[in-house]
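> predicted structure and sequence below. I'll ask about it afterward.
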Amino acid sequence: MEFDIVVLTDHRYVAPKKSSPYIKNVLLEDQLVLEALQNQGLNVVRKSWDDHNFDWSTTKFALFRTTWDYFDRYSEFSKWLETTSEKIRFINPQKLIRWNIDKHYLQDLSNNGVTIAKTVFIEKGTTTTLANAISNSEANKGFNADTYILKPCVSGAARHTYKIHKDEIEGHENIFQKLIAEEAMMLQEFQKNIVSEGEISMMVFNGEFTHAVLKIAKPGDFRVQDDFGGTVHKYTPDQEQIAFAQSVVKAAPELPIYARVDIFRDNEGNWALAELEIFEPELWFRLNPSAATALALAIKSKFFAQ
């Protein structure tokens, strides 16, 4: 059988034997996308990206959705992405995916006029200490905070994300050395408004805003992800926020068919970009099912127009 689109997940969510609210949400999100694409007359199937039994040449396109094990298996995933791209096309395209997986893309967007948190990239194998990295950030990048965030350039779900107060620098030196020996890291000012106001996730399909959610960290934490007790709420953004989100996707190397733009008010009071997710973002279709139809229409219009 040949397919128009394969919707990609990871093996844990293909036929899970155990259920939980989290797994139910994953399955619901993917089902909403499947049904929306099928309602547009497309032949669609859902598969794990590492399904060795699936003949990838039998589908025209692949849509990344819940492939949330890729950063734990990055070398394997990267090889799969390269090999599979020779057989099918991706929505969004492979070039854009590879650009977006590595958070160095934030520097590209900053160079294109997008406001981001003050950020310093510490490359893999760099010989420095955490204290020196912070000191240089203050001297060269204008950092002016007593608390910092350290996180990997390729990651998800707040993996290896640390909140470090100036008084705690020495206590984080060992983990800092271990991390920069293995992968590139980012050092950022801690953004206090994310804790006090939350982070807004805005869904933008083919350049058009569809819906938004507000993510709030649980009391005493700084991570807004629900994995760490954060909560998600429906949110109605104003025109300034919508315009900012649309300007972010337009600053990418090419306009993505689907994207999630995470924004916050930075320490200077300006709207800033936390993340632009155009690879496998959670899109909260369950809070706005009509947005799945908007995505399906965008895909059909671009790739399946008669």
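That came through fine.
> got the residue ranges for the strands in the stretch 201-306 of the chain?
For the stretch 201-306 of the chain, the strands identified by DSSP state E, counting those that start in this stretch occupy 208-216, 231-235, 258-265, 271-277, in order along the chain.
> any idea of the pLDDT on residue 182?
You'll see residue 182 listed with a pLDDT of 90.
> name the nearest residue to residue 255, ignoring sequence neighbours.
Sequence neighbours aside, residue 207 is the residue nearest to residue 255 in space, at 5.6 Å (criterion: C-beta to C-beta, 6 or more residues apart in numbering). (Glycine included, C-beta is placed from N, CA and C.)
> hmm, back to that, closest to residue 159 out of the strands of the stretch 201-306 of the chain?
Nearest to residue 159, of all the strands of the stretch 201-306 of the chain, is strand 271-277, at 13.6 Å by C-beta to C-beta.
> between the closest one and strand 208-216, how many degrees?
Using axes from the mean of the first three to the mean of the last three C-alpha atoms, to 10 degrees, the interaxial angle of strand 271-277 with respect to strand 208-216 works out to 100 degrees.
> in strand 271-277, which residues are buried?
Residues 272-277 are the ones in strand 271-277 that count as buried (16 or more other C-beta atoms under 10 Å).
> state the mean pLDDT of the lengthiest helix in the chain.
With DSSP state H setting the assignment, residue counts place helix 21-38 as the longest helix in the chain. In this model, helix 21-38 has an average pLDDT of 95.
> show me where this structure has helices.
For the chain, the helices identified by DSSP H occupy 21-38, 74-84, 94-101, 105-111, 130-141, 173-182, 192-197, 239-250, 290-303, in order along the chain.
> in the stretch 201-306 of the chain, which ranges drop under the pLDDT threshold?
218-230, 306 (pLDDT under 70).
> again, only this time at 90
Regions of the stretch 201-306 of the chain meeting the criterion pLDDT under 90 cover residues 216-233, 267, 305-306.
> do the same with the stretch 51-200 of the chain
Filtered on pLDDT under 90, the stretch 51-200 of the chain yields the residue ranges 70-75, 85-86, 118, 132-146, 154-164, 166-167, 169-171, 190-198.
> hmm, 80 instead?
139-141, 155-159 (pLDDT under 80).
> measure the closest residue to residue 122 other than its chain neighbours to residue 177 for me?
Spatial nearest neighbour of residue 122, chain neighbours left out: residue 185 (4.7 Å); criterion: C-beta to C-beta, 6+ apart. Here residue 185 is placed at a distance of 11 Å from residue 177 (C-beta to C-beta, to the nearest Å).
> okay, these two: which has more neighbours?
Neighbours were tallied for residue 185 and for residue 177 using other C-beta atoms under 10 Å; the higher tally belongs to residue 185 (24 against 14).
> in the sheet, who's paired with the more buried one?
The residues paired with residue 185 through beta bridges, assigned by DSSP bridges, are residue 122, residue 152.
> and if you look at residue 59?
residue 3.
> pretty sure residue 123 contacts residue 182?
No - counting by C-beta atoms under 8 Å, residue 182 is not a contact partner of residue 123; they are 11.8 Å apart.
> from residue 261, how far out is residue 61?
Distance from residue 61 to residue 261, counting by C-beta to C-beta: 23 Å.
> who has more neighbours, the two?
Under the neighbour definition other C-beta under 10 Å, residue 61 and residue 261 were set side by side, and residue 261 has more, 27 against 18.
> for that one, which non-adjacent residue is spatially closest?
The spatial neighbour of residue 261 that comes closest, neighbours along the chain excluded (C-beta to C-beta, 6+ apart), is residue 245 at 4.0 Å.
> CA-only coordinates of stretch 98-114 in PDB, if you can.
What follows is stretch 98-114, C-alpha atoms only, in PDB (Å, rounded to 0.1, in the frame of the first residue of the first chain):
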ATOM      1  CA  ARG A  98      18.500  20.100  11.000                       C
ATOM      2  CA  TRP A  99      18.800  23.900  11.500                       C
ATOM      3  CA  ASN A 100      16.100  23.900  14.200                       C
ATOM      4  CA  ILE A 101      17.300  20.800  16.200                       C
ATOM      5  CA  ASP A 102      20.400  22.700  17.300                       C
ATOM      6  CA  LYS A 103      19.700  25.800  19.300                       C
ATOM      7  CA  HIS A 104      22.500  27.700  17.600                       C
ATOM      8  CA  TYR A 105      19.600  28.700  15.400                       C
ATOM      9  CA  LEU A 106      18.700  31.300  18.100                       C
ATOM     10  CA  GLN A 107      21.800  33.200  17.100                       C
ATOM     11  CA  ASP A 108      20.800  33.200  13.400                       C
ATOM     12  CA  LEU A 109      17.400  34.600  14.400                       C
ATOM     13  CA  SER A 110      19.000  37.200  16.600                       C
ATOM     14  CA  ASN A 111      21.100  38.200  13.700                       C
ATOM     15  CA  ASN A 112      17.900  38.600  11.700                       C
ATOM     16  CA  GLY A 113      16.400  41.000  14.200                       C
ATOM     17  CA  VAL A 114      14.500  38.700  16.600                       C
END
